[in-house]
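[1] Starting from these lines, generate the structure:
(2 chains)
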There are 2 protein chains.
Amino acid sequence: MRVDVAFTPAEPVAGPVGIVVDVLRATSTIVQALESGYGRVLCCQEVEEAFALRDARGEGVLGGERLAVLIPGFDLGNSPSEYVEPRGETAILTTTNGTRTIVAAAAQCERVFVASLLNLGAVVAAVAELAEDASVVCAGVKGAFALDDAFCAGRIVSLLDCERTDSAEAAARLTRTFASAEEALGASRSAANLRVNGLDADVAWCARESICAVVPRFLAMTGGAAEIGA
Amino acid sequence: MRVDVAFTPAEPVAGPVGIVVDVLRATSTIVQALESGYGRVLCCQEVEEAFALRDARGEGVLGGERLAVLIPGFDLGNSPSEYVEPRGETAILTTTNGTRTIVAAAAQCERVFVASLLNLGAVVAAVAELAEDASVVCAGVKGAFALDDAFCAGRIVSLLDCERTDSAEAAARLTRTFASAEEALGASRSAANLRVNGLDADVAWCARESICAVVPRFLAMTGGAAEIGA
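    Below is the predicted model of the structure:
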């Protein structure tokens, strides 16, 4: 079993299994929502698509952000703590980096899992059970490397008994230079952006490892959105 | 002064200064050739282009590799040790990853330097003197992350007094997990490919830091090739 890490979404992805990571905050929020009891999360790219999806379905809790700020007319932001009490069957989430990365991974891999530190142990167990080559695909920020995602990728690699590509080895080594997940996430530019917007608490929330048992999977494209279920 | 690292050539490159790294072996060979007294290195992508360039110029030492192996009809391979004694005024080198990365960086940056561990201190001094934002661009392998290039990028970042992006911070941290440059380069897939071809000695050669004073720069495109001079 060989594991690779794509630090940015434009890199070539190999292997039948894709593991998408957008720790601050899209994949942490998806994991929290499904763990809390939402039946599915529909990830779409544009605000208009989110409104149209809810209108077409006649249900759905609208959540998301633009530059870390709540979207006018939406029910929730993109903090995982807002998804602890389910407000409906479906969460409709609009993110930019995360959704595109999930869709791109689904086009290249047979199976796509959604990972964060929150469900680290559960994802690792699911991937190990498949025993197939896997790629951890980091959403990054606007096509660039994100320290929070790289740290999570490194934690996944570290816990798998696998052959490592150069990037997987680098990610695993990177994790060992931090005293804790909170220190690593806190050092990222994503965290700095959250702090500017008063969302400091999200960093500590997303830095907790293996407290969720859910393993979200990409199911299908649904009306332009990526449907994620447990 | 802000420094970024693009671990793969497809990543967005920002900043007026680009620093291209392909440690095993293209940029180490370019540095060695110019340090030894070659007047210029012309980097082209295809073998046919290299022959055509020499025919058009009426001079030029042909060097390069395909899958680490000497090209039929060429004078030299791609080991830096082959360039210690100049055999002419111009070295015409055909590489795949390195040349493309130099050309792409030249299209996005005002100035492009060629770096390796061999000229680490000299490149760092030149970049520090400019005091402008810079991007270290790793050639990688077929679009993917290469540990040898990432290590060299991290060494450059570590020696600069600069603001670091997420990737620059990660690269600097990665270097600290290795006991030596030779250990880092030796752990890369590029080194494994060299060992298979009996070119083990190149790894130790390219792992020596700051033994060359030359700072190669991209000058211009010349007949489809990237012209590099000191």
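[2] mind listing what the nearest residue in space to residue A:9 that is not next to it in sequence touches?
    With Cβ to Cβ, 6 or more residues apart in numbering or on different chains as the criterion, residue A:9 has its nearest non-adjacent residue at 4.7 Å, and that residue is residue A:101. Just so you know, the C-beta spots here come from the backbone N, C-alpha and C atoms, and that holds for glycine as well. Neighbouring residues of residue A:101 by Cβ atoms under 8 Å, 6 or more residues apart in numbering or on different chains: A:9, A:20, A:22, A:137, A:138, A:139, A:140.
[3] Also residue A:5?
    A:135-136, A:138, A:150, A:153-154, A:157, A:165, A:167-168, A:170-171, B:145.
[4] Of those - the most surrounded one?
    Among the contacts of residue A:5, the one with the most neighbours (other Cβ atoms under 10 Å in any protein chain shown) is residue A:136, at 33 neighbours.
[5] In terms of pLDDT, where does the spatially most central residue of chain A sit?
    In chain A, the residue lying closest to the centroid (Cα atoms, centre = their mean) is residue A:27, at 2.2 Å. On the pLDDT scale, residue A:27 is placed at 97.
[6] just checking, it touches residue A:115?
    Yes - with contact defined as Cβ atoms under 8 Å, residue A:27 reaches residue A:115; the gap is 6.2 Å.
[7] Can you flag which of the contacts of residue A:5 belong to helices?
    A:150, A:153, A:154, A:157, A:167, A:168, A:170, A:171 (DSSP state H).
[8] so who does the closest residue to the last one other than its chain neighbours touch?
    Once flanking residues are discounted, residue A:171 sits nearest to residue A:154: 3.5 Å by Cβ to Cβ, 6+ apart. Going by Cβ under 8 Å, 6+ apart, residue A:154 touches A:5, A:170, A:171, A:172, A:173, A:174, A:175.
[9] one step back: among the ones in helices among the contacts of residue A:5, which one lies nearest to residue B:124?
    Checking these against residue B:124 with Cβ to Cβ, the nearest one is residue A:170 at 21.5 Å.
[10] Could you pull up the residues touching the closest one?
    So residue A:170 contacts A:5, A:154, B:145, B:147, B:150, B:170, B:174 (Cβ under 8 Å, 6+ apart).
[11] ok, 10 Å please
    A:5, A:7, A:150, A:153-154, A:157, A:164, B:7, B:145-147, B:150-151, B:154, B:170-171, B:173-174, B:177, B:184, B:187-188 (Cβ atoms under 10 Å, 6 or more residues apart in numbering or on different chains).
[12] With residue A:149 instead?
    Contacts of residue A:149 (Cβ under 10 Å, 6+ apart): A:5, A:7-8, A:20-24, A:27, A:97-98, A:101, A:115-116, A:136-141, A:171, A:185, A:188, A:190, B:166.
[13] go with 8 Å
    A:7, A:21, A:22, A:23, A:138, A:139, A:140 are the contacts of residue A:149 under Cβ under 8 Å, 6+ apart.
[14] Closest to chain B out of these?
    Checking these against chain B with Cβ to the nearest Cβ, the nearest one is residue A:7 at 5.8 Å.
[15] Sweet, I'm off.
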